[in-house]
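In: Next comes the sequence, and after it the predicted model I'd like to discuss.
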Amino acid sequence: MKLFLDTNIFLRFLLNDAQKSYEEVVQLFEKIEEGKIKPYTSNIVILEIIFVLTKTLKVNQKVVLKDIEALLSMRGLTLIDKTHTKKALRVYKETCIKYADCLIATQIPSDMRLCTYDQEFSRIKSLKTCKPGDII
């Protein structure tokens with residue numbers, strides 16, 4: 001199974017601020033490490049993680065960089081860099097969700113699901129979403 005991991009999946013793991021979500025993500029990551037799930041994400045997701053941790057939560061940059069390096073070493077993780085700006089702008093206009101999320105949505109191939117806790121992605125009808133609890 002191919003899963004695109006959204007920002008909040010990584011943040012739930014790094015912050016351990018919601019016990020149930022944290023446990024679900026840990027189990028998801030275990031399945032990834034076992035090779036049962038092929039993980040994908042993007043530099044937009046990495047940018048959002050860094051922004052939230054350093055600017056919003058004021059986590060030390062060295063700690064954040066160590067965390068990002070650990071995440072990037074996840075077994076089989078593939079970064080998808082291609083975005084579709086015109087499509088993202090159309091989705092933004094139609095749904096009014098965060099533009100960064102619209103860009104992320106354009107990066108996800110049709111044969112892949114977006115693993116997220118963000119309910120706003122459900123406004124994008126062409127996108128297949130799931131939560132970690134649906135997978136584990």
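Out: Now that the structure is in, tell me what you want to look at. Numbers count the residues shown, from 1 in each chain.

In: got the CA positions of the helix or strand harbouring residue 87 in PDB?
Out: For residue 87, the element it lies in under DSSP states H and E is helix 85-95. This file holds the C-alpha atoms of helix 85-95, laid out as PDB (Å, rounded to 0.1, in the frame of the first residue of the first chain):
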ATOM      1  CA  THR A  85       0.200  25.300  -9.400                       C
ATOM      2  CA  LYS A  86      -2.800  26.000 -11.700                       C
ATOM      3  CA  LYS A  87      -4.600  22.900 -10.400                       C
ATOM      4  CA  ALA A  88      -3.700  23.900  -6.800                       C
ATOM      5  CA  LEU A  89      -5.100  27.400  -7.400                       C
ATOM      6  CA  ARG A  90      -8.300  26.000  -8.800                       C
ATOM      7  CA  VAL A  91      -8.700  23.700  -5.800                       C
ATOM      8  CA  TYR A  92      -8.000  26.700  -3.500                       C
ATOM      9  CA  LYS A  93     -10.700  28.700  -5.200                       C
ATOM     10  CA  GLU A  94     -13.200  25.900  -5.000                       C
ATOM     11  CA  THR A  95     -12.500  24.700  -1.400                       C
END
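
In: Could you list the residues in contact with the helix or strand following that helix?
Out: Heading C-terminal from helix 85-95, the first helix or strand you meet, by DSSP H and E, is helix 99-107. Helix 99-107 is contacted by residues 4, 6, 42, 44-45, 47-48, 80-85, 87-89, 91-92, 95, 114, 118, 120-121, 124, 127 when judged by Cβ atoms under 8 Å, 6 or more residues apart in numbering. (Each C-beta comes from the backbone N, C-alpha and C, glycine too.)

In: Counting neighbours, what do you get for residue 14?
Out: 21 (other Cβ atoms under 10 Å).

In: can I assume it is in contact with residue 57?
Out: No: counting by Cβ atoms under 8 Å, residue 57 is not a contact partner of residue 14; they are 9.8 Å apart.

In: would you list every one of the helices in the protein?
Out: Assigned by DSSP state H, the helices in the chain fall at 7-15, 19-33, 43-51, 61-72, 85-95, 99-107, 132-135.

In: Off-centre distance for the longest one?
Out: Using Cα atoms, centre = their mean, to the nearest Å, the mean C-alpha position of helix 19-33 is found 13 Å from that of the whole chain.
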